[in-house]
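Trainee: need a structure here:
(chains A and B)
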Protein chains: 2
Amino acid sequence: MNEDDSAGEHEPDSRPGPENQPRRRTGGRSARVREAVLKATAELIAEQGHERIPIAEIAERSGVHQTSIYRRWRTTNAIVLDLSQERLSSVSAIPDTGSLRGDLLAYAHRAAASLEGPDAAVLLRALIAARAEAPDADSAPNALASRGQDLQAMLDRAVSRGEPRLRMTDVLDGILAPLYLRTLFRVPGIDDAYLDSLVTKTLTAAAT
Amino acid sequence: MNEDDSAGEHEPDSRPGPENQPRRRTGGRSARVREAVLKATAELIAEQGHERIPIAEIAERSGVHQTSIYRRWRTTNAIVLDLSQERLSSVSAIPDTGSLRGDLLAYAHRAAASLEGPDAAVLLRALIAARAEAPDADSAPNALASRGQDLQAMLDRAVSRGEPRLRMTDVLDGILAPLYLRTLFRVPGIDDAYLDSLVTKTLTAAAT
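Mentor: Residues are numbered from 1 along each chain as shown, chains lettered A, B, ... in the order given. Okay, here's the model as predicted:
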């Protein structure tokens, strides 16, 4: 691993200083590099239909020096994991609709939306492959656990309103698992009625 | 695709005629060739941890001539699909326990057992990959639909006993999807209590 990428000849985005940097700063150089690398990787996955992209190709597409990519992620697997987690491991800003049913429906709709598009299934498979090929289950971040953490606040709110206490696994098993399975096996029929039925079944099972 | 593999120098199993064939015949030469090829492929997947096995390697391991393999399956993907479907797409001889709950528990236990072992997750991923990489969803056999067909008799028996009518999707979403998700994401905890809870939730949701 070569530490000498100070020349940065493939990092045009990192050249302009703050004084002549017209576009919005959202987290500095490190965040911009990450954004460029993840965007390039997503494009290459969508174009090629698989996740086995050489780092050299990601460097070329992103304009980020290959050595910088190696230093930060080491492998394509790690980049794909990073990308997949950003896209699939969290449903940002889960809304507070005032009812558990409303929150679950909003969650189900956002989860379904995150699985739309030609690259979503590839990213989901890549996430699974990256986790599967990690030396042991603990060494790869657990996307399901991340999803679960996002859910906890929603479930806690319901309890504070006097609604039933759902466990994270109730939501993962009852809503996310069927959506993932249909995405992975290309089963059509993820529509409003289906999402509604998953929420109803999850609430019914939990109420007993 | 070369049709000339009549020499068959790598097909020792096909040489002896019935008159000097000591071992059990279970479906003839074609079935034996398929069995040998699927067994070799399963071994190579378990050894290598992925499903991208060159057909030449499968030919060498199985003792079946490469041309015969090409003629029957065309691609490794097709072999892996065949293997995965045999292992994962059906739970053979679903028992008649006399109650829907008993039948579902037996089904859940068999499904969980089919997902044990180091090669099960790879086969499941391979099944998903093969389906994902098919030109369109209709051109690859639908493993979930196969599972569903196996289930129909079980669900019909319940109705004939006056028990609730479950749909195949209730079972696929409520039992198979969580098991697949945990297998794919290496989430531990598929035990008797968990299988019991999935069956209870599925029955509760269906009873309303």
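Trainee: List the buried residues of the longest helix seen in chain A.
Mentor: With secondary structure taken from DSSP state H, chain A has its longest helix at helix A:28-48. Taking 16 or more other CB atoms under 10 Å in any protein chain shown as the basis for neighbour counts, the residues of helix A:28-48 that come out buried are A:Arg32, A:Val33, A:Arg34, A:Glu35, A:Ala36, A:Val37, A:Leu38, A:Ala40, A:Thr41, A:Ala42, A:Leu44, A:Ile45. C-beta here means a position set from N, CA and C on the backbone, and glycine is covered the same way.
Trainee: before we move on, what about stretch A:165-174?
Mentor: Per 16+ other CB under 10 Å, stretch A:165-174 contains these buried residues: A:Leu166, A:Met168, A:Thr169, A:Asp170, A:Val171, A:Leu172, A:Asp173, A:Gly174.
Trainee: Assign the third one to helix, strand or coil.
Mentor: Taken by DSSP: H, G, I helix; E, B strand; the rest coil, the conformation at A:Thr169 corresponds to helix.
Trainee: Contacts for the longest helix of chain A next, please.
Mentor: Under the criterion CB atoms under 8 Å, 6 or more residues apart in numbering or on different chains, residues A:11, A:13-14, A:26, A:51, A:53, A:57-58, A:61-64, A:68-69, A:72-73, A:76, A:79-80, A:82-83, A:86-87, A:118-119, A:122-123, A:126 lie in contact with helix A:28-48.
Trainee: Whether stretch A:184-192 contacts chain B - can you check?
Mentor: Yes. Judged by CB under 8 Å from any CB of the partner chain, stretch A:184-192 comes into contact with chain B through A:Leu184, A:Phe185, A:Arg186, A:Val187, A:Pro188.
Trainee: Can you get me a residue count around the second one?
Mentor: The one in question is A:Phe185. A:Phe185: 21 surrounding residues under other CB atoms under 10 Å in any protein chain shown.
Trainee: What backbone torsions are found at it?
Mentor: For A:Phe185, the backbone dihedrals are phi -100, psi 10 (criterion: degrees, to the nearest 10).
Trainee: got it, and the last one?
Mentor: For A:Pro188, the backbone dihedrals are phi -70, psi 170 (criterion: degrees, to the nearest 10).
Trainee: In terms of pLDDT, where does it sit?
Mentor: Note on A:Pro188: pLDDT of 83.
Trainee: and what of the first one?
Mentor: With respect to pLDDT, A:Leu184 scores 88.
Trainee: shouldn't it be in contact with B:Leu127?
Mentor: No. Using CB atoms under 8 Å, A:Leu184 and B:Leu127 do not qualify as a contacting pair, with a distance of 9.1 Å.
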